[in-house]
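# turn this into a model:
(one chain, ligands or ions: 1)
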Amino acid sequence: MERYFRNNLSWGESPAPVDVDVLQTVLDIVVYADDLADDLAEQLDPATGRPILASPRLGEYDARPWLQYALACLHELPDDVVEWAWPRVQKIHERTARVLGMLYHGQTVKVVCPWCDGRAEEQPVGGAYTWKVEVLPSNQVAIVCHGVNCDPPAEHVATWLWGKPCWPITTWTRLAKHVIPEHERAQRARNAIAS
Ligand SMILES: [Zn+2]
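Numbers count the residues shown, from 1 in each chain. Below you'll find the predicted structure:
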């Protein structure tokens, strides 16, 4: 046990089977949260008298005090600072979601849509990942294809959202049957060129 506590950062020495990805994320989140708290504290009017929160010590992995501090600062700061802080908070959220295998709003699904072939405005030849996870106004999670003029046959599309095909999470098992795995797509493309 003594060896375990000698240096909390040397994960390689940990006797416990640890998930390196999760631990790296936990560390990253503490760093992000501390940076955010620091930057926001700098924006505060000194007259507010909010004491500066010291940076996390080595081996401190709970980001909550710095997130709480950042939130408290945001309440005292003007809207433009809040807008500036938002992408950074989002980065923390996405990083957490990725490592936990969570779905999150705006997440790109790494699949080429079988109906529009991934033709996107910025990639008109196709092959782009046009499926995004969206949280619908009804709070349901769905995949929406943002491909140009994506128009699956009626029997394959669950519903439409803003004129785009939309598949709520309850239909994903069915949807998955239409997805062509990446290696198979590449093979088909090669065959098409060869023939
Ligand atoms: Zn599509």
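# switch to C-alpha atoms for all contacts and neighbour counts from now on
Noted.
# tell me what the longest helix seen in the chain is packed against?
Criterion DSSP state H: the longest helix present in the chain is helix 20-43. When contacts are defined as 3 or more Cα pairs under 8 Å, 6 or more residues apart in numbering; DSSP states H and E, helix 20-43 packs onto helix 64-76, helix 79-100.
# got the angle between that helix and helix 64-76?
40 degrees (axes from the mean of the first three to the mean of the last three Cα atoms, to 10 degrees).
# pull the distance from helix 20-43 to the chain's centre.
16 Å (Cα atoms, centre = their mean, to the nearest Å).
# pretty sure V22 sits against G101.
No. Assessed by Cα atoms under 8 Å, V22 is found out of contact with G101, at 10.7 Å.
# these two: which has the busier surroundings?
Taking other Cα atoms under 10 Å, V22 and G101 do not tie; V22 has more neighbours (15 against 9).
# just the pLDDT for V133.
You'll see V133 listed with a pLDDT of 90.
# quick one on the thing from earlier: ranking the helices and strands packed on helix 20-43 by mean pLDDT, which is last?
Among the helices and strands packed on helix 20-43, helix 79-100 scores lowest, with a mean of 86.
# now E60: how far from K132?
35 Å (Cα to Cα, to the nearest Å).
# which one of those two has more residues nearby?
Taking other Cα under 10 Å, E60 and K132 do not tie; K132 has more neighbours (20 against 13).
# quick one: contacts for that one?
Residues near K132 by Cα atoms under 8 Å, 6 or more residues apart in numbering: 105-109, 143-146.
# one more time with 6 Å
By Cα atoms under 6 Å, 6 or more residues apart in numbering, the contact set of K132 is 106-109, 143-144.
# and A120, by the same measure?
So A120 contacts 147-148 (Cα under 6 Å, 6+ apart).
# I'd like the numbering to begin with 14 instead of 1 from here.
Okay, residue one is now 14; in that scheme the one you just asked about reads as A133.
# pLDDT score assigned to it?
Confidence score, pLDDT, at A133: 96.
# out of the helices and strands packed on helix 33-56, which is the most enclosed?
The highest mean neighbour count among those, using mean count of other Cα atoms under 10 Å, belongs to helix 77-89: a mean of 17.
# what's the angle from that one to helix 92-113?
Using the same axes, to 10 degrees, helix 77-89 lies at 150 degrees relative to helix 92-113.
# now helix 77-89, how far from the chain's geometric center?
Distance, centroid of helix 77-89 to centroid of chain: 21 Å (Cα atoms, centre = their mean).
# same deal with stretch 127-140?
22 Å.
# can that stretch be found next to the ion?
Yes. Using Cα under 5 Å from the ion, stretch 127-140 reaches the ion at C129.
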